[in-house]
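Trainee: I'll drop the sequence and a predicted model, then ask my questions.
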Amino acid sequence: MNNYKKTTLALFALMIVGMGVPLAAAQSTGILYQHSAGIVSLETDDIAVKVTGNDQAPHFHWWDPNTPDVDYHVMFVKMFEANDTNADGEFNNDTDVMIGAPFVLPTVGWDFSGFETVEEDGNITEVHFNFTTEATFDPRPEGTGVDFGNLPGLASFDVNVSVNVHMYLDNPGEFKFDLMVEGWDWTYEDSILVLMFTVTESAHGQSTGDNDPSGFHKVGTKFQFENGYFEYEETALAANNALQVKASFGDASGGYSGNAVYLSFENFGDETLEYDPILGVVPSEPGLVLDPMFLGIVAGAAVIVLLAIVLVRRK
């Protein structure tokens, strides 16, 4: 093959690549979202998510759409006041004692707020929505044989809980869920409030998870399992005041499957607790990414050179 033909083929290949990449980039649709039958679905190129707040406690269900073999599940199942035996701010299931009964999150009565979105250049770059509930909680369970009369602060009260979900296209492999707790009536000033979550996994497509997540372990402020993770912040807010947050974990019990994650908050009085953990998947190692604009310029130059060569050869 002579040099002319080799040059022509090389320039033609550059032209195809340069034209193809901008077309592929233009097909991006940002964040996809919908709400149907009490289930919110979200999807980017890196993560697919379902959030339910109807007919069960808040349930976060997500997977990697590029390798959809395993689905991860996190459920926010209950919260309770507990003593902090060694004053370390962390709930220890073996030594710390629950005060009264736990507030098991209701399985009905969660209201969906509708979507708020941000759009840029025709693509959805942010999606926000809430599930909220209000319930009367009585921490004095009947039939336990326990005399709660010596706990003068233990009485029924109304609790408002809001789960506010946020997804940003700038972080396409994860989503945040703000938790807001309002109206908690403390029994003791030095006790902690504990939020319990369960972490499970399932085969792809199952609506619930019954298996322990593979490789579950804690690194820093992350609970990791396979390529999924549950990340927590070490501070929360109550009336713009920072609160200490500690995390612990163990086997779920009491009829729950998987691993239990306990997030513990220092006493925040009569204020509203605001807190925002993160769930996500670890993205695959990115390959070589060429800038579409650069390739477009190269393709244009290649076309001009190719035409010039053809014109010269014809003379």
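Mentor: Happy to help now that I have it. Residues are numbered from 1 along each chain as shown.

Trainee: so, low pLDDT: which residues of the stretch 151-300 of the chain?
Mentor: 151-154, 284-300 (pLDDT under 70).

Trainee: show me where the stretch 1-150 of the chain has its helices.
Mentor: Per DSSP state H, counting those that start in this stretch, the stretch 1-150 of the chain carries helices over the ranges 3-26.

Trainee: low-confidence stretches in it?
Mentor: Ranges of the stretch 1-150 of the chain meeting pLDDT under 70: 1-29, 54-55, 141-150.

Trainee: one more time with 50, if that's ok
Mentor: 4-27, 143-145 (pLDDT under 50).

Trainee: please enumerate the strands of it.
Mentor: Counting by DSSP state E, counting those that start in this stretch, the stretch 1-150 of the chain has these strands, from start to end: 32-36, 39-43, 48-52, 59-63, 70-82, 98-104, 111-112, 116-120, 123-137.

Trainee: give me the contacts around the second one.
Mentor: I take that to be strand 39-43. 31-35, 48-52, 54, 65, 112, 127, 129, 165, 167, 175 (CB atoms under 8 Å, 6 or more residues apart in numbering). (C-beta placed from N, C-alpha, C; glycine too.)

Trainee: mind doing that once more with 6 Å?
Mentor: Under the criterion CB atoms under 6 Å, 6 or more residues apart in numbering, residues Leu32, Tyr33, Gln34, Val49, Lys50, Val51, Thr52, Met167 lie in contact with strand 39-43.

Trainee: and what of the first one?
Mentor: Defining contact as CB under 6 Å, 6+ apart, one finds that strand 32-36 is touched by Ser41, Leu42, Glu43, Val127.

Trainee: which parts of stretch 269-279 are buried?
Mentor: By neighbour count on 16 or more other CB atoms under 10 Å, the buried set for stretch 269-279 is Glu271, Leu273, Glu274, Tyr275, Asp276, Pro277, Ile278, Leu279.

Trainee: before we move on, what about stretch 101-108?
Mentor: Residues Ala101, Pro102, Phe103, Leu105, Pro106 are the ones in stretch 101-108 that count as buried (16+ other CB under 10 Å).

Trainee: and the third one, how far is that from Phe131?
Mentor: Here the distance between Phe103 and Phe131 works out to 16 Å (CB to CB, to the nearest Å).

Trainee: then Ser36?
Mentor: Noted for Ser36: a distance of 14 Å to Phe131, by CB to CB.

Trainee: I figured Thr187 hits Met98, correct?
Mentor: No - using CB atoms under 6 Å, Thr187 makes no contact with Met98, being 10.9 Å away.

Trainee: how near is the closest residue to Tyr168 other than its chain neighbours to Gly30?
Mentor: Excluding the flanking residues, the one nearest Tyr168 by CB to CB, 6 or more residues apart in numbering is Glu126, at 5.4 Å. Between Glu126 and Gly30 the computed distance is 9 Å (CB to CB).

Trainee: looking at those two, which is more packed in?
Mentor: Gly30 (20 against 16; other CB atoms under 10 Å).

Trainee: that one contacts Gly122, correct?
Mentor: No - with contact defined as CB under 6 Å, Gly30 and Gly122 do not form a contacting pair (8.1 Å).

Trainee: the more surrounded of Ser36 and Phe131?
Mentor: Higher neighbour count among Ser36 and Phe131: Phe131, with 21 against 7, using other CB under 10 Å.

Trainee: the more buried one pairs with what?
Mentor: Beta-bridge partners recorded for Phe131 (DSSP bridges): Phe112, Val163.

Trainee: doesn't Trp110 make contact with it?
Mentor: Yes - applying CB under 6 Å, one finds Phe131 in contact with Trp110, separated by 4.6 Å.

Trainee: what touches both of those two?
Mentor: Gly53.
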